[in-house]
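Enquirer: Here's my sequence, what's the structure:
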Amino acid sequence: MKTNTLIIVESPAKAKTIAKFLDGDYTVKSSYGHIRDLPKYKLGIDVEHDFKPQYVVSRDKSKLVKELRQAGKKAKQIIFATDADREGEAISWHLAQVLDIDENTIKRIVFHEITKHAIEEAIKNPRPLDLKLVDAQQARRILDRLVGYELSPFLWRKVVKGLSAGRVQSVAVRLIVEREREILSFIPQEHWSLTGIFSPTKSSELFEAELRQIDGKKIDKLDLKNQKQVDDIVAALKGATFKISSTEDKESGRQPHPPFTTSTLQQEANHRLGFSAKQTMRIAQQLYEGVELGSEGSVGLITYMRTDSLNLSEKFLAESREMISEQFGKNYVAPASRRFKTKSKNAQEAHEAIRPTEAARTPDSLKEQLDRNQYKLYDLIWRRALASQMAAAKIQNTAADVASNRGHIFRATGLRIVFDGFLKLFPEKTKENELPKLAIGQETDCRELKPAQHFTEPPARFSDATLVKALEEYGIGRPSTYAPTLATIEERRYVKRDEKKRLCPTEIAMLVNDLLVKHFPQIVDYRFTAKMEEDLDKIAAGEESWVPVVAGFYHPFKELLTQKDAELSRKDITEEKTDEKCDKCGAPMIIKLGRYGKFLSCSTYPECRNARPLPGDEKNNAHVAEPTGEKCDKCGAEMVRRVGRYGPFLACSAFPKCKNIKSIEVKLDIKCPRCGQGQMLERRTKRGKIFYGCECYPKCDFALWDKPTGEFCPTCKAPMVFNRKGETVCSDKTCSK
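Expert: Residues are numbered from 1 along each chain as shown. Below is the predicted model:
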């Protein structure tokens, strides 16, 4: 018996959520993402014949393709319901190709939230496949493959094996490298400030005011350059009298922020929650596709999370205004529904901003069903969306000038929240500072003068949030590309995280960036990369054909690559001469670049294998062997400490004759919470991720992803651990502690 309709989506969670809204006439299947792609181990693009791609079905999808074909034969019609963006359109096109469906007869539905109403409306209004969006996605994929497949091997030959380059990732690395060089070249400037502690005469109320003028001349931030200048001012004010020379009261309205786009969600989740861009998008995907809510089943909680639009549906606007009125009172509702206009000229206005699917579904009502991170992100999205429809906050700003009888003016400022408005739901860092009642001509007493030394600070390293913001401002990348770009440059070891989790370039990143800037300027040029994004948008809009766009980039790129391959040698790029002599053979030592950074090596290598860290740089040259005094249990040679891709380990110094290696176990002074016998150890998975397990493994297989504190939860008795922020929390995610 034939099923009336087969609906294919790309995610099993999404399939489960959609299926519950449909009757037995529908079957919902998942493609588990892309069903086919360019081949892994060859270029897969015919550059001689209009860049025709050679797509292949991945081996792990062959069984799934067979199942989808069988399901398609049993159905009267097939509808594709993949995500409402270029990537989703391309997945539908690939599915149609694999299932032998004429692309002109394809039925495609799109929706921006997985709710019963949205699904039913989408099914009533199917549309053809948008081949312009498919072309734009295909052009991006081909461009990225051409750059990565041709430029990465060039870097292997000229720098070090294992490096990669990418059309967007290399520009992101350039931003990080240039910011680091700004920081390194920054010279701090000393400057001083002078703050007076005043009180109205015959009053005990104190207020602070900062020196702003001397004899009518304004004092700028850097004008007081040293302590002597400040000391002279303090001396000049000895015995001076003060009075209020001017006052000002001004009430202003602070408007709420718009609802989230992909970019602003990633930025705010990073600022407020400490989430990386990749983590934010992973959790948002879960909330969009559906979360199990007990008897309700799988429920989609937010709208589509890859968007650059600020639109909100009329339905949500009405629901949110009603919700605000019920929860906070009518005075907290904005006078009229707010509609925001995006500043991005390429924004897809047919989409919506990221918002909850139901305004009435509060974060607290979901707290028991969501895990900790899902709850935090949903709470952030819900508050931001509803706050956008709340009344403006009213802020009372006050200012008063305190004048001395010797020509000095100090400025005091105050701030008071008269009406919190949207701040009640979406608080911001607003420090209230109320001044006492002051009147012009009122005498004041100077209780103390407080000089303070300051130094100008360099720009901060990029965080996930600030890098996403910079990429967006330059017009580089689109909502779907920010998180993968950041994840790629970290996985490829071009960046590492500092103690504040900010992005710091590795030495190899600096070298590769300099090489690309000098010899392949277009690849890492901000304006050129942004122009390429605009060309992709034009393809999506039907204003450009994809083949000429790809050809216009590729042919000059290939010609330059061939030229540079012949001109440049690896030694010129990666080696530096030194005056040092090898302490084993007397030959000159040179500075070489390895996968983990620079180190000193004998120039006669491989005849002499002497190598050591650069002076004062032992930490960054951890790949150079360190003697340990321990003997190899296989051959008796000395074991040395090395650092590999996944951290430190012990290796036999006789390598490659003896390939014995041992992991280095870091013992915590904590007994195993389960067996109470073994010590807890810091270990690593095969992919390098740190976890904490019992030393008695496999007899005791207790393990934790987060570092244990040695204490137990007072509520559920599970072990307490340190989370990413260093806070002590319960290891049981279902526990409220």
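Enquirer: what separates the residue of the chain positioned farthest from its centre from V168, distance-wise?
Expert: Distance from the C-alpha centroid of the chain, by C-alpha atoms, centre = their mean, peaks at G239 (55.8 Å). Look at G239 and V168: by C-beta to C-beta, to the nearest Å, they are 65 Å apart. Any C-beta I mention is one placed from the backbone N, CA and C, and that applies to glycine too.
Enquirer: ok but the residue farthest from the centre of the chain is inside a helix, no?
Expert: No. Secondary structure of G239 (DSSP: H, G, I helix; E, B strand; the rest coil): coil, not part of a helix.
Enquirer: Excluding chain neighbours, give the residue nearest to V666 in space.
Expert: The shortest distance from V666 to any non-neighbouring residue, by C-beta to C-beta, 6 or more residues apart in numbering, is to E682 (3.9 Å).
Enquirer: That neighbour touches D669, doesn't it?
Expert: No. Using C-beta atoms under 8 Å, E682 is not in contact with D669; the gap is 11.8 Å.
Enquirer: Common neighbours of those two, please.
Expert: Shared contacts of E682 and D669, defined by C-beta atoms under 8 Å, 6 or more residues apart in numbering, are absent.
Enquirer: the more surrounded of those two?
Expert: When E682 and D669 are compared on other C-beta atoms under 10 Å, the one with more neighbours turns out to be E682, at 15 against 7.
Enquirer: quick one, what contacts the more buried one?
Expert: Contacts of E682 by C-beta under 8 Å, 6+ apart are 665-668, 690, 692, 707.
Enquirer: so can I have CSV of these showing pLDDT and secondary structure?
Expert: Formatted as CSV, the contacts of E682 follow (pLDDT from 0 to 100; DSSP: H, G, I helix; E, B strand; the rest coil):
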residue, pLDDT, secondary structure
E665, 71, coil
V666, 75, strand
K667, 78, strand
L668, 82, strand
I690, 81, strand
Y692, 90, strand
K707, 87, strand
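Enquirer: Which one of these is nearest to A19?
Expert: I690 (38.6 Å; C-beta to C-beta).
Enquirer: any idea how far N723 is from the closest one?
Expert: Counting by C-beta to C-beta, the gap from I690 to N723 is 14 Å.
Enquirer: Next: V291.
Expert: Relative to N723, and taking C-beta to C-beta, V291 is found at 21 Å.
Enquirer: Please apply the same query to I101.
Expert: For I101, the distance to N723 - C-beta to C-beta - is 48 Å.
Enquirer: How many neighbouring residues does the residue lying closest to R372 once chain neighbours are set aside have?
Expert: In this structure, R372 finds its nearest non-sequential neighbour in K733, 5.6 Å apart by C-beta to C-beta, 6+ apart. For K733, the neighbour count with other C-beta under 10 Å is 11.
Enquirer: I figured K733 hits L370, correct?
Expert: No. Under the criterion of C-beta under 8 Å, K733 makes no contact with L370, lying 9.9 Å away.
Enquirer: okay, the contacts of E682 in CSV with neighbour count and distance to I244 next?
Expert: Listed next are the contacts of E682 as CSV, based on neighbours: other C-beta atoms under 10 Å; distance: C-beta to C-beta, whole Å:
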residue, neighbour count, distance to I244
E665, 11, 69
V666, 14, 63
K667, 11, 66
L668, 15, 61
I690, 14, 60
Y692, 21, 62
K707, 17, 56
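Enquirer: and the host helix or strand of A412, what other elements does it pack with?
Expert: Per DSSP states H and E: A412 is located in strand 408-419. The contact analysis (3 or more C-beta pairs under 8 Å, 6 or more residues apart in numbering; DSSP states H and E) places strand 408-419 against strand 190-200, strand 207-214, strand 242-254, strand 393-404.
Enquirer: helix or strand right after the longest helix along the chain?
Expert: Longest helix in the chain by number of residues (criterion: DSSP state H): helix 131-158. For helix 131-158, the following helix or strand on the C-terminal side (DSSP H and E) is helix 169-185.
Enquirer: Go through that next one and flag the buried ones.
Expert: 169-177, 179-180 (16 or more other C-beta atoms under 10 Å).
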